[in-house]
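A.B. asks: Kindly return the folded structure for what I paste below:
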Amino acid sequence: MPKAQETILEIELSALKHNYEYLKSKLQKNTKFLAVVKAFAYGHDADEIALYLQNLEVDYFAVAYTGEGVALRDAGITKPILVLHPLPIGFSTIIERCLEPSIYNHKVLNTFIQMAAEKNQKDYPIHLKFNTGLNRLGFSENDVEGVYSKLNASNAVSVKSIFSHLAASEDPSEKEFSQLQINSFKNISEKFKSFFGYLPMRHMSNTSGILNYPEAHFDMVRSGIGLYGFGNSETENKNFRPIASLKSVISQIHDIEKGETVGYNRAYKSESSIKTATIPIGHADGLGRPYGNGKGYVIISGKKASIVGNVCMDMIMVNITGIECQEGDEVIVFDASNTAEELAHSANTISYELITAISQRVKRNVKK
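C.D. replies: Sure thing, here's the model as predicted:
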C-alpha cells in the first residue's frame, strides 16, 4: 500500500484468512466456527470482515446488539447471526431480520416467547446463555427446569444452542477455575438433556479456549480477537498476523526550547531543546488520553517517538529529537511489527480496548 498521507487504518484480508485457517486447524472437522464481529468487527470494518469470512464459509456470526445484526443483514450477510446481548426493545426487529437472540434470564425468555407468539412464529431459534463463573449474563444450572417448563408450554421458539463463556481461558494460573467452568457446563448439558430429551448445539470456547482447552470445543467455538491477529500470549501471538495497521502523517515540526511547554494544561515542560512533530490523530480517533505524557509512542523512520504532553482530541505531539524525518512523512501507530498489543501495554490496557476504540471517522483502506 502507498505511504499514508492522512490518518488511515489499513486492513489486510489475507492476514484475516491466515488467522481463520490457523484457528480452524485446532478444531475437529465437524466443529462449527462462529466469528465474533461485534463493535464494528473489533474496530476494523464489520461489513468487509463479515462478507470476507462468509465467503470463507464461516458457520455463524455474533454481534453484541440488535442494530449490529441489522447492519450485517443490510450488508448482505445471510449466515445465522447470534445477538449476544439483545434487549427487549429490539425483539420485534430481531424476528423481522432473522437474527437469533441469546436468552439469558427468565424475564427476557418470557418477553421473547410472547413476541414470537404475537408474530405467529413456530420454533423460532433462540440460544440459551448459562453462567458458569463469569457472572455477567446467564441462567444458572438451577434454572434449567424452569426454562423447560416455559419452553414446553409454547411452540413459538426452539433452542438452537446452549452456551457459556470462559472467564480466564488465556491465564495459565486460572486453569483450575477454567476446568471448573467446563465441568459446570457439562453438568448443565446433562441436566438439559434429562429435561428436554435431546442436546442442542453447545459452545463455550473463545479464542483462548480454542487454543488452550480442546475439551471445551464442543459443537462450535467462538473467536473474536484471534481473527484480528492476537493470541493472548507471547507464544501464540507468533502464530497470528494482526490484520490492521494504523498510520498517520507528520503535519508540522516544532523546535521547542528549554523551559517551553507543549499542549493542553502545559502538561509537558521541556528540560532541554527538543524537536516535536504534530500528528493528526487524537482521542476522538481512539488514541486515548492515557497514552499521553510519555506512556504511548508512535514509530517514525523506524524509531519510537514518545507522546509529549496530553493527547488532544484530534492531535498528538511526539518527541522526534534525533529522528531523521520531515513534514509529510508517514507515522506508524501500530502494525504487524509494532503491534497494538505492545502499544496498549504502554498505557496499562489491552489490545481489545485500543483497536475497538478506533473511530469510524478514521478512513479504512481494505486490501483484498
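A.B. asks: packing partners for the helix or strand encompassing Arg222?
C.D. replies: Using DSSP states H and E, Arg222 sits in strand 220-223. The contact analysis (3 or more CB pairs under 8 Å, 6 or more residues apart in numbering; DSSP states H and E) places strand 220-223 against strand 32-36, strand 201-203, helix 207-212. C-beta coordinates here come from the backbone N, C-alpha and C atoms, glycine included.
A.B. asks: and it, what's its mean pLDDT?
C.D. replies: Across strand 220-223, pLDDT averages out at 98.
A.B. asks: list the buried ones in the helix or strand following that strand?
C.D. replies: Downstream of strand 220-223, the next assigned helix or strand under DSSP H and E is helix 234-237. Applying a neighbour-count criterion of 16 or more other CB atoms under 10 Å, the buried positions in helix 234-237 are Glu236, Asn237.
A.B. asks: picking that back up, relative to the whole chain's centre, how far out is the strand holding Arg222?
C.D. replies: With CA atoms, centre = their mean, to the nearest Å as the basis, strand 220-223 stands 13 Å off its chain's centre.
A.B. asks: circling back to that earlier point, I'd like the helices and strands packed on strand 220-223 as TSV, with mean pLDDT, mean neighbour count and distance to Val70 appended.
C.D. replies: Shown next, in TSV, are the helices and strands packed on strand 220-223 (pLDDT from 0 to 100; neighbours: other CB atoms under 10 Å; distance: least, CB to CB, whole Å):
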stretch	mean pLDDT	mean neighbour count	distance to Val70
strand 32-36	98	22	17
strand 201-203	98	21	23
helix 207-212	98	23	26
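A.B. asks: Out of these, the one nearest Leu23 is which?
C.D. replies: Nearest to Leu23 among those is helix 207-212; the distance by CB to CB comes to 5.7 Å.
A.B. asks: So which elements touch that closest one?
C.D. replies: Applying 3+ CB pairs under 8 Å, 6+ apart, one finds that helix 207-212 contacts strand 220-223.
A.B. asks: Would you mark the buried spots in the strand it packs on?
C.D. replies: Met220, Val221, Arg222, Ser223.
A.B. asks: Not counting it itself, show me its contacts.
C.D. replies: 23, 27, 31-36, 59-60, 62, 161, 201-203, 205-207, 209-210 (CB atoms under 8 Å, 6 or more residues apart in numbering).
A.B. asks: how about the strand holding Arg222 as PDB, C-alpha atoms only?
C.D. replies: C-alpha atoms of strand 220-223 as PDB (Å, rounded to 0.1, in the frame of the first residue of the first chain):
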ATOM      1  CA  MET A 220     -19.000 -24.900  18.000                       C
ATOM      2  CA  VAL A 221     -16.300 -22.300  19.000                       C
ATOM      3  CA  ARG A 222     -16.400 -18.500  19.000                       C
ATOM      4  CA  SER A 223     -13.500 -16.400  18.000                       C
END
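A.B. asks: SS state for Leu23?
C.D. replies: Per DSSP: H, G, I helix; E, B strand; the rest coil, the local secondary structure of Leu23 is helix.
A.B. asks: which residues touch it?
C.D. replies: Phe33, Thr207, Ile210, Val221, Ser223, Gly226, Leu227.
A.B. asks: Low-confidence bits of this structure, can you list those?
C.D. replies: Low-confidence segments of the chain, defined by pLDDT under 70: 1.
A.B. asks: again, only this time at 90
C.D. replies: 1-4, 232, 368 (pLDDT under 90).
A.B. asks: just the helices in it please.
C.D. replies: Listed from the start of the chain, the chain has helices (DSSP state H) covering 13-24, 38-43, 46-55, 66-75, 91-96, 106-118, 144-152, 175-196, 207-212, 234-237, 340-346, 351-356.
A.B. asks: By neighbour count, which bits of the longest one are buried? Give me those.
C.D. replies: Going back to what we said before, that points to helix 175-196. By neighbour count on 16+ other CB under 10 Å, the buried set for helix 175-196 is Phe177, Ser178, Gln181, Ile182, Ser184, Phe185, Lys186, Ile188, Ser189, Lys191, Phe192, Phe196.
A.B. asks: again with the first one
C.D. replies: Neighbour-count burial for helix 13-24, with 16+ other CB under 10 Å as criterion, is recorded at Leu13, Ala15, Leu16, Lys17, His18, Asn19, Tyr20, Tyr22, Leu23, Lys24.
A.B. asks: got a list of what the fifth one touches?
C.D. replies: Under the criterion of CB under 8 Å, 6+ apart, the neighbours of His18 are Phe240, Arg241.
A.B. asks: before we move on, what about the third one?
C.D. replies: Counting by CB under 8 Å, 6+ apart, Leu16 touches Ile49, Tyr52, Leu53, Leu227, Tyr228, Ile243.
A.B. asks: Distance of it relative to Thr339?
C.D. replies: Computed as CB to CB, to the nearest Å, the Leu16 to Thr339 distance reads 16 Å.
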